[in-house]
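>>> this one's structure only:
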């Protein structure tokens, strides 16, 4: 039925191969841009066709697998053999993720045609981006853990390649390495989780594992271990505490990369993985609680750092970490579709915000410090309007998209059996800060008096290829929320068959909130609006208030500005000892002394023996004659005595 | 009649003296002399046995050995002359280029 589905994944792969092999010789940048964006566009339209086809099918029958070929199969005896196929599972969740990845990806590719126009590595950029889309699609469409892991690692690789795109600068290379290494720490947990899944269930196939899992009971210890290990992988990929430190540094990459990978798609892979394995997580309430707490704390923690940053992209990076915290909070309180809903709306408005910031950076000739901006709304009207829409959406002000998704999460955090008012409070606190720092950003960048020299910097509006995606994403940020209206949620209905096994295990039913729900909704809107106006008031009218506040609490300010010194702590506790051990023990002691020593030493011993033995060669013929005669005597004696 | 053993013992003594000469003497020509002495001792042994058993084989062998000794002496002395032209000495202790 869905037999053409693999084409969705194949198109970006073809794009990567064509651009990778021939891109350096292609002179026509327009052609490269068309190929690079076209493949993703084709994938999007195919996915859309698939989605429309799915709409016509009855909900119970919508999940189908398409198998391409067998990847590996071992025959070590019936119970231990492993067979993994390259097969794709099309169901409500994966088609939604595919639409998000290819749709937002397509818009970002088009934007990149304009943004990366003057770059010598233009072809390389699109090749890597296509490879990324290929890997991400493998991740969301896979029907088994190993293929998903292939995609997981693939997006990590592309993240490394794209963060380090301008590799001539040292700090971009460092940022890329940091991203990959921190991800790897998480992946270690993921691999262990996969191994445990295989040893418990005998297979890595989703359907097999999840069917067997639904027979287990809640509180199963194996499930606890599996889910904890899998979540460690999610912590790395989706930048939660303690493995979030790579994301702010990843802003060293080009802005479209930050928009696509570090806002809309790669970082959401962890959220998707938890949603996909919802039945496993439902079996481990301890892990769920852990996820909810980590999510809520990360949301607040990152928001506090974002309050005082001055680099436009760093603010958005911490905002992403914070919003990912909300998604995990949703997962932790068993509001799986709410988490995915927020993933979708976040993809829209965060990509919009990043692309808008790219337009600003482009206009300001690569200046990223918002303290040197101001008053840009006159120069960049389209960018300003779309950016404002994105900011209103993320602040959670109705009727824009962010309100519906964030509010659903907050309500579930309060009312769900796995939730608690404390989590709700943390969520609201985070939302207040979100509204505040976003509008601090908007006000300082676009409004007020300009703080740059108009004679040296001439900001100009971005070209059409850059503003069109902004407008489309702005429209999506406005209307995207309407699929999730509470008690009439289209998206929740759509995703219900995917999460029903987990919800059945948790025995969580629909919560009719009544008055409480509307009261909480009112509170969150009020907080968002007041945060917005507070930021506008301070930064437009009373800028000196912010400065004096910073001066009155210098230590708090400096701690926030320096991101709680987490990077420095990691450096001292993890990195420096590792480097020291590598240098002193592994290099000097083992490699040089022991291994080189033993190899060189055995050579020296043979040398020494040789030095002794060669003294036989005296060069004097008579000494040889002596040996000769001695030998004869020996033989004669031996013959006589026999 | 002189007993066979006498000849054999004399021959052995000559052989040992020759061997000692080869090993000990420094002058290359004296070494050749010693080698000739060794060869002659073998000749004596062969002739003694031939006379004692009435078998002519030993004497035939002596012919061979003598011819060989002559040829070997010629070649050896040619080498000594070549050596002297190179190194202006025939002191065997000083001819040790082929050492380690």
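Received the coordinates, thanks. Remember, it's a predicted structure, so these values are computed and weren't measured experimentally.
>>> Identify the residue of chain B closest to chain A, quick one.
residue B:99 (3.0 Å; C-beta to the nearest C-beta). C-betas here are computed from N, CA, C, even on glycine.
>>> Can you tell me the SS state at that residue?
On the three-state scheme (DSSP: H, G, I helix; E, B strand; the rest coil), residue B:99 is labelled coil.
>>> The residue in the stretch 451-600 of chain A that chain B sits nearest to: which element?
Nearest to chain B, among the residues of the stretch 451-600 of chain A, is residue A:600, at 23.1 Å (C-beta to the nearest C-beta). Using DSSP states H and E, the element containing residue A:600 is helix A:597-613.
>>> Give the rounded mean pLDDT of the very next helix or strand once past that helix.
Remark: after helix A:597-613, the chain's next helix or strand is helix A:621-641, criterion DSSP H and E. The pLDDT scores in helix A:621-641 average 92.
>>> Identify the residues contacting residue A:467.
Each residue near residue A:467 by C-beta atoms under 8 Å, 6 or more residues apart in numbering or on different chains is listed here: A:359, A:382, A:383, A:386, A:461.
>>> Enumerate the residues of chain A near chain B.
A:614, A:615, A:617, A:618, A:619, A:620, A:621, A:622, A:625, A:626, A:629 (C-beta under 8 Å from any C-beta of the partner chain).
>>> quick one: pLDDT of the fourth one?
At residue A:618, the pLDDT value in this model is 83.
>>> give me the number of residues near residue A:286?
By other C-beta atoms under 10 Å in any protein chain shown, 13 other residues sit near residue A:286.
>>> cool, and residue A:172?
The burial count for residue A:172: 19, using other C-beta under 10 Å.
>>> secondary structure element for it?
Using DSSP H and E, residue A:172 falls in helix A:170-201.
>>> Any buried residues in that helix, and which?
A:172-173, A:175-176, A:178-180, A:182-183, A:185-187, A:189-194, A:196-198, A:200-201 (16 or more other C-beta atoms under 10 Å in any protein chain shown).
>>> Sticking with residue A:124, tell me its helix or strand.
Residue A:124 belongs to helix A:122-141, assigned by DSSP H and E.
>>> Taking their axis directions, the helix or strand just after that helix and helix A:122-141 sit at what angle?
Next helix or strand after helix A:122-141 toward the C-terminus (DSSP H and E): helix A:145-163. On the basis of axes from the mean of the first three to the mean of the last three C-alpha atoms, to 10 degrees, helix A:145-163 is oriented at 150 degrees to helix A:122-141.
>>> What parts of chain B come near chain A?
B:19, B:22-24, B:31, B:92-93, B:95-100.
>>> Out of those residues, flag the one nearest to residue A:573.
Taking C-beta to C-beta as the measure, residue A:573 sits nearest to residue B:100 out of the residues of chain B next to chain A, at 59.6 Å.
>>> Which residue, neighbours along the chain excluded, lies closest to that closest one?
Leaving aside its sequence neighbours, residue B:100 sits nearest to residue A:614 (C-beta to C-beta, 6 or more residues apart in numbering or on different chains; 4.0 Å).
>>> Count the residues that sit near residue A:63.
Per other C-beta under 10 Å, the neighbour tally for residue A:63 reads 19.
>>> again, but for the one 10 residues further on
As a burial measure, residue A:73 scores 10 neighbours (other C-beta under 10 Å).
>>> In contact with the residue lying closest to it once chain neighbours are set aside: list those residues for me.
Computed as C-beta to C-beta, 6+ apart, the closest residue to residue A:73 that is not its neighbour in sequence is residue A:83, at 4.0 Å. Applying C-beta under 8 Å, 6+ apart, one finds that residue A:83 lies in contact with A:70, A:72, A:73, A:74, A:203.
>>> What of residue A:156?
A:179, A:180, A:183, A:184, A:187, A:237, A:266.
>>> rewinding a little: report pLDDT for the residue of chain B closest to chain A.
81.
>>> Please name the residues that touch the residue lying closest to it once chain neighbours are set aside.
Nearest residue to residue B:99, sequence neighbours excluded (C-beta to C-beta, 6+ apart): residue A:619, at 3.0 Å. Contact analysis of residue A:619 by C-beta under 8 Å, 6+ apart lists B:95, B:96, B:97, B:98, B:99, B:100.
>>> And the pLDDT for residue A:107?
93.
>>> tell me the secondary structure for it?
Residue A:107, by the three-state scheme (three-state DSSP), is helix.
>>> hang on, the earlier thing: only whichever of the residues of chain A next to chain B are buried, select them in PyMOL.
Command for PyMOL that selects the buried part of those, burial taken from 16+ other C-beta under 10 Å:
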select buried, chain A and resi 620+622+625
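>>> can you tell me which two in the residues of chain A next to chain B are farthest apart?
Going by C-beta to C-beta, the pair spanning the residues of chain A next to chain B furthest: A:614 and A:629, at 22.2 Å.
>>> picking up where we left off before, who are the packing partners of the helix holding residue A:172?
Using 3 or more C-beta pairs under 8 Å, 6 or more residues apart in numbering or on different chains; DSSP states H and E, the elements in contact with helix A:170-201 are helix A:145-163, helix A:206-213, helix A:221-237, helix A:246-249.
>>> Turn these into JSON lines, including mean pLDDT.
Formatted as JSON lines, these follow (pLDDT from 0 to 100):
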{"stretch": "helix A:145-163", "mean pLDDT": "93"}
{"stretch": "helix A:206-213", "mean pLDDT": "89"}
{"stretch": "helix A:221-237", "mean pLDDT": "91"}
{"stretch": "helix A:246-249", "mean pLDDT": "90"}
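>>> hey, where'd the helices end up in chain B?
Assigned by DSSP state H, the helices in chain B fall at B:4-24, B:28-53, B:57-87.
>>> average model confidence for the first one?
Same thing as helix B:4-24. Helix B:4-24 shows a mean pLDDT of 95.
>>> Buried ones in it, by neighbour count?
Residues of helix B:4-24 classed as buried under the neighbour-count rule (16+ other C-beta under 10 Å) are B:7, B:11, B:14, B:15, B:18, B:19, B:21, B:22, B:23.
>>> Pretty sure the last one sits against residue A:620.
No: when contacts are counted by C-beta atoms under 8 Å, residue B:23 is not listed as touching residue A:620 (10.5 Å).
>>> Overlap in contacts, those two.
Counting by C-beta under 8 Å, 6+ apart, no residue touches both residue B:23 and residue A:620.
>>> By mean pLDDT, which helix or strand of chain A comes out lowest?
helix A:543-552 (a mean of 78; mean pLDDT, DSSP states H and E).
>>> Show me what the helix or strand just after that helix is packed against.
Once the chain leaves helix A:543-552, the next helix or strand it forms, by DSSP H and E, is helix A:554-561. For helix A:554-561, there is no helix or strand it packs on, judged by 3+ C-beta pairs under 8 Å, 6+ apart.
>>> ok and helix A:554-561 relative to helix A:543-552, angle-wise?
Going by the same axes, to 10 degrees, helix A:554-561 makes 100 degrees with helix A:543-552.
>>> if we can go back for a sec, from the residues of chain A next to chain B, which single one is nearest chain B?
Distance to chain B, by C-beta to the nearest C-beta, is smallest for residue A:619 among the residues of chain A next to chain B, at 3.0 Å.
>>> all strands of the stretch 1-150 of chain A, in order?
A:64-73, A:83-90 (DSSP state E, counting those that start in this stretch).
>>> Take those strands and write them to CSV, including distance to residue A:576.
Output for those, formatted as CSV (distance: least, C-beta to C-beta, whole Å):
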stretch, distance to residue A:576
strand A:64-73, 40
strand A:83-90, 40
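>>> Setting the sequence-adjacent residues aside, check what's closest to residue A:418.
residue A:333 (4.6 Å).
>>> Phi first, then psi, for residue B:97.
phi -70, psi -30 (degrees, to the nearest 10).
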